[in-house]
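Q: A structural model of the following input is requested.
(one chain, ligands or ions: 1)
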Amino acid sequence: MAKTEFTKLNGGKVIDLSPDDHTQKSPPLVASYNEKIRPILDAVDKLRRLNVTQEGIPLPTIVVVGDQSSGKSSVLESLAGISLPRGQDICTRVPLIMRLQHHPDPAPEFVLEFQKKSVKIGEESQISEAISKATAEIAGNCKGISNVPLTLVVKKKGVPDLTMVDLPGITRVPVGDQPKDIYEQISGMIMEYIKPDESIILNVLSALVDFTTCGSICMSRSVDSTGQRTLAVVTKCDQCPDESDLLNKVNTNAVNIGLGYVCVRNRIGDETYGEARTKEATLFEQHPLLSKIDKSMVGIPALAHRLVQIQSVIISKCFPDIIKNINEKLNASVLNLNKLPRSFASIPDAMVAFMQIVVSFKETLQKILVRGEYDDYEHDKEMHCNARLAEMIDTLSKDLEASVNFCENFLVEEMKVLEEANGIRLPNFLPHSVFLILLKKKVNGISDLPLTFVNKVCAYLELVSSRVLIDLCANYPQMLPLMKKATQHVMEKIKLKFVERVDEMIEMEKIIDYTCDPEFITSYNKLMGKRDQILKSMSSIAGTTNVEGYGIIYTKHLVNVPGNTWDQAFDLKMRMTAYWKIVLKRMVDCLALQLWFFMQKVVNKEMEMEIVNEVMVHGGGIEKMLDEPTSVVKKREQLQSSISLLKESKEIIEQVMDNIEVTSN
Ligand SMILES: Nc1nc2c(ncn2[C@@H]2O[C@H](COP(=O)(O)OP(=O)(O)OP(=O)(O)O)[C@@H](O)[C@H]2O)c(=O)[nH]1
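A: Okay, the predicted model is just below:
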């Protein structure tokens, strides 16, 4: 039969997994195997023992799958030359990792490792019982399964250097006390092992069954549709009812096995392994039909050679990725651990961190609020505090100005006030109280604007403080709630004082009319200069006039107003208009100064003291900061254990790399 070319596509690269002639061992392969592959295989096995796959790092693995009683354990037995639990019932109930290692000493060594235990097995005859006992310990005495692996290390003269994983056979019908979902459990476990691209699937098929109906074939095809990483072992060839059919099956490859077939005859009953190999050789040499199968496709030695060859290729191919994966995962885990909130070992530790945050908080607020520097938040406009506060003051100033309309209902309000303030006194005499009544009315009309401004500014300052605190407490989120509460508390106190000042300011403006600003007289005189223009418009047809700087004034409604009243109302209006400008300017200035004053006071003095007071006295003390949510504690433990596992893996890799380099030199 012509030598079949088998290739495996992996990560876009083609790996040649072609079988060579097993009868002529290629010296370069053996040499490079001992120098390079063997140490790497040892390293990969060490990584497997560490359970590095739980960190999401797949390892190149030969996974033995097959339907129940297809002969998986028998194949492994034949490869290892030892007895494993065998039978017609489910025997393999946990993943059995078989590490076969050739060693020159004629005395074999057997070790069973599971659940961090390592059991030395003295006699070959005790292996089967030891595996059954360990299986029962892991998966119970009934027929249930478990995915906690067992590792059997077999060091024996002449065995191939191979590591394989034997998995429970696929069974559809639960037997004995098996759970109803046994099929799902077993297939789930098998899928987990055969899914990674790094796995080679050793599909064990009994010659007695139709391959197309095998559960293990369906499964391996679902993850390896082209069969590029599937090798078939056909067992029970000695019992085959129709040899020509078997010959046909392996030659036509009806089930699409990419790495080819190896037909075997395992040990039967009490035969020794030597007897079994002799009978196997005789079967494939002398049987009229089976002898027609290519010699590279029959017998356990051919299978061993083929597996060692495939293992060498897959291990060499995957090793760089394993190193890369370990480094990447290690870096990511370290990064994630650093991102986790720091835990405090003691109260002094927590105290130091707390004081550092308080000091940094003060410094940052001084920077962004007092000095107006925003380089720490260059791309975050909300944190450019001076500009945002200036915008708020500007908006207040515009809102205040817009609250008075000079032109609307011209002189009507003034005339009403004059009428109500009328009394027994000289005509043409404007009492001071009239001006104050009008002033009070006007101030009342805008009094909510400064208060709205205070609320807006305080909400903004609270937001800024909270943003700074979130940044500063990034490593210590357990401190954040207490710090935030303390800051809110300080802000509330400041706001109360600020509101008090603003109320006082508004009260003052209502009861006192005073300014030394010469602008008042200038503005008043300018307005009074418009008297004739306005008077004239009353007798015009349109009854309107456009007063420069104020807009269009309607005067028709003033035609019948007595001259004396008109004059007094006009004087009152012009006086108020000139004074109102001064009042608004003073309010804005005063609010801006107050804001600045409070901000400085809070940032430079009060905030620091208040936070310390709030945390130490009202917040339950620094001890409260030692409390950590259990989710964080768990996450930290997980990451720490991942990191130590990955570090250990890295050391294993570094050691093997050093050894390879030394050998190559
Ligand atoms: N005649 C003959 N019998 C075999 C051969 N291979 C396996 N058997 C028998 O088939 C039965 C099942 O073999 P096992 O090796 O236990 O099969 P398994 O697939 O490991 O079984 P489970 O782990 O229980 O699924 C045993 O009685 C073996 O002796 C073979 O090549 N020829």
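Q: contacting residues around the one residue in the stretch 51-200 of the chain that gets nearest to the ligand?
A: Using C-beta to the nearest ligand atom, the closest approach of the stretch 51-200 of the chain to the ligand is made by G169 at 2.4 Å. C-beta coordinates here come from the backbone N, C-alpha and C atoms, glycine included. The contact partners of G169, taken as C-beta atoms under 8 Å, 6 or more residues apart in numbering, are 66-70, 72, 90, 92, 186.
Q: in strands, which of the residues you listed appear?
A: Per DSSP state E, strands hold the following members of the contacts of G169: G66.
Q: worst-scoring helix or strand of this protein, pLDDT-wise?
A: strand 7-10 (a mean of 34; mean pLDDT, DSSP states H and E).
Q: can you pull out the strands in the stretch 551-665 of the chain?
A: 551-554 (DSSP state E, counting those that start in this stretch).
Q: shaky segments in it?
A: Applying pLDDT under 70 to the stretch 551-665 of the chain flags the ranges 619-620, 659-665.
Q: what residues are up against the residue nearest to S523 when sequence neighbours are not counted?
A: Spatial nearest neighbour of S523, excluding adjacent residues (C-beta to C-beta, 6 or more residues apart in numbering): A578 at 3.9 Å. A578 makes contact with 520-521, 523-524, 527 under the criterion C-beta under 8 Å, 6+ apart.
Q: filter these to the buried ones?
A: 520, 523-524, 527 (16 or more other C-beta atoms under 10 Å).
Q: what about the most centrally placed residue in the chain, distance to K647?
A: Residue closest to the average C-alpha location in the chain (C-alpha atoms, centre = their mean): N336, at 8.7 Å. From N336 over to K647 the distance is 15 Å, taken as C-beta to C-beta, to the nearest Å.
Q: same check, this time on K634
A: K634 sits 20 Å away from K647, going by C-beta to C-beta.
Q: of the buried ones among the contacts of A578, which ones also sit close to the ligand?
A: Counting by C-beta under 6 Å from any ligand atom, the subset of those that neighbours the ligand is empty.
Q: tell me where the model's unsure across the protein.
A: Residues of the chain meeting the criterion pLDDT under 70: 1-36, 85-91, 174-178, 619-620, 659-665.
Q: hmm, N203 and V63 touching each other?
A: No - using C-beta atoms under 8 Å, V63 is not in contact with N203, being 9.3 Å away.
Q: the two: who's more crowded?
A: Legend: neighbour count by other C-beta atoms under 10 Å for V63 and N203, higher for N203 (30 against 22).
Q: so the more buried one belongs to a strand, correct?
A: Yes - the assignment for N203 is a strand, going by DSSP: H, G, I helix; E, B strand; the rest coil.
Q: need the contact list for it.
A: Shown in contact with N203 (C-beta under 8 Å, 6+ apart): 65-66, 214, 216-217, 220, 230-233, 257.
Q: between these, which is nearest V502?
A: The closest of the contacts of N203 to V502 turns out to be S220 (C-beta to C-beta; 79.7 Å).
Q: which element is that closest one on?
A: Assigned by DSSP states H and E, S220 falls within helix 215-223.
Q: show me which residues of that helix are buried.
A: Neighbour-count burial for helix 215-223, counted by 16+ other C-beta under 10 Å, picks out 215-217, 219-221, 223.
Q: again with stretch 578-585
A: For stretch 578-585, the neighbour count (16+ other C-beta under 10 Å) marks 578-585 as buried.
Q: I257 is in contact with T230, isn't it?
A: Yes - contact criterion C-beta under 8 Å: I257 and T230 qualify, at 5.4 Å.
Q: neighbour count: these two, which is higher?
A: Per other C-beta under 10 Å, whichever of I257 and T230 has more neighbours is T230, with 27 against 23.
Q: list the contacts for the nearest residue to the more buried one once chain neighbours are set aside?
A: Leaving aside its sequence neighbours, T230 sits nearest to I201 (C-beta to C-beta, 6+ apart; 4.4 Å). Neighbouring residues of I201 by C-beta under 8 Å, 6+ apart: 63, 65, 194, 220, 223-224, 229-231.
Q: neighbouring strands of the next helix or strand after the helix holding S220 in the sheet, and parallel or not?
A: For helix 215-223, the following helix or strand on the C-terminal side (DSSP H and E) is strand 230-235. Sheet pairing of strand 230-235 (DSSP bridges) gives strand 199-206 (parallel), strand 261-263 (parallel).
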